[in-house]
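Trainee: Quick one: sequence plus predicted model below, questions after.
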Amino acid sequence: MSDTLITVVAILLAAVLMFIFPLLSISERGDDISQLSVLTATTEFVDNSRSVGKITMDNYDKLINTIYATGNSYDVELEVKVLDENIGKKSAWTQGTVIGENVYYSVYTSQIVESLERDGVYIMKEGDIFSATVKNTNKTLSQTIRSVFYSISGSDIYSIKANHSGLVTANGSY
């Protein structure tokens, strides 16, 4: 009886080592490739938008198509911190570019996408800060396998995330 039990355990262990761990390794490489693709697309989108001073519907669609080509679903968050150059009437400063006196207000994804759908473009100006964050919303194969072996659970766990931001260097125009 003891020899049979050892044989069954050895077969199960061999099956795990021969099939499950290589599958986990290959699925993690797939996530790495998706991560690189999403990071590259996000960086190109933000840098292109910053350099011309506007977010266009074509560039936004290109970002969405590129990241969804990885086979995952994503949450895309955009934010423009708009430089408010009107620092107030009671201020003693004569210019709005004094360090420490600049005030920013934020415009978020829903407002930006609404402007893109309406006008086809969202205009930014020099000095604004543009950022984009992309993270997957579905559970990838490697996440599923890891959750079985490592008991990782929760819906807020993502394995593919990219964010990029920077200062707008040009005034956009229609």
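Mentor: Right, received. Where do you want to start?

Trainee: Tell me the secondary structure at E77.
Mentor: Secondary structure state of E77, per DSSP: H, G, I helix; E, B strand; the rest coil, is strand.

Trainee: That one and T133 touch, don't they?
Mentor: Yes. The criterion here is Cβ atoms under 8 Å, and E77 meets it with T133 at 4.5 Å. Any C-beta I mention is one placed from the backbone N, CA and C, and that applies to glycine too.

Trainee: For the two, work out which one has more neighbours and name it.
Mentor: T133 (17 against 14; other Cβ atoms under 10 Å).

Trainee: Please read off the pLDDT at that one from the model.
Mentor: Per-residue pLDDT puts T133 at 96.

Trainee: Same check on N171?
Mentor: For N171, pLDDT reads 86.

Trainee: Ramachandran angles for it?
Mentor: N171 adopts backbone torsions of phi -80, psi 130, taken as degrees, to the nearest 10.

Trainee: So, low pLDDT: which residues of the protein?
Mentor: Scanning the chain for pLDDT under 70 picks out 1, 86-101, 151-158, 174.

Trainee: what are the ranges of the strands in it?
Mentor: 54-56, 74-84, 103-108, 121-123, 129-136, 161-167 (DSSP state E).

Trainee: and the spatially closest residue to I20 that is not a sequence neighbour, how many residues sit next to it?
Mentor: Take I20 and drop its neighbours on the chain: the residue closest to it by Cβ to Cβ, 6 or more residues apart in numbering is I145, 7.1 Å away. For I145, the count of nearby residues is 17 (other Cβ under 10 Å).

Trainee: I145 against L24, yeah?
Mentor: Yes. Judged on Cβ under 8 Å, I145 makes contact with L24 at a distance of 4.8 Å.

Trainee: Centroid-nearest residue for the chain?
Mentor: What sits nearest the mean C-alpha location of the chain, by Cα atoms, centre = their mean, is V134, with 1.6 Å.

Trainee: was I right about it contacting I64?
Mentor: No. Counting by Cβ under 8 Å, V134 stays clear of I64, with 9.6 Å between them.

Trainee: Return every residue with contacts to both of the two.
Mentor: Counting by Cβ atoms under 8 Å, 6 or more residues apart in numbering, the contacts common to V134 and I64 are V76.

Trainee: Now for the closest residue to S142 other than its chain neighbours: which residues touch it?
Mentor: In space, and not counting its chain neighbours, S142 is closest to S27: 3.8 Å by Cβ to Cβ, 6+ apart. The contact partners of S27, taken as Cβ under 8 Å, 6+ apart, are T140, L141, S142, I145.
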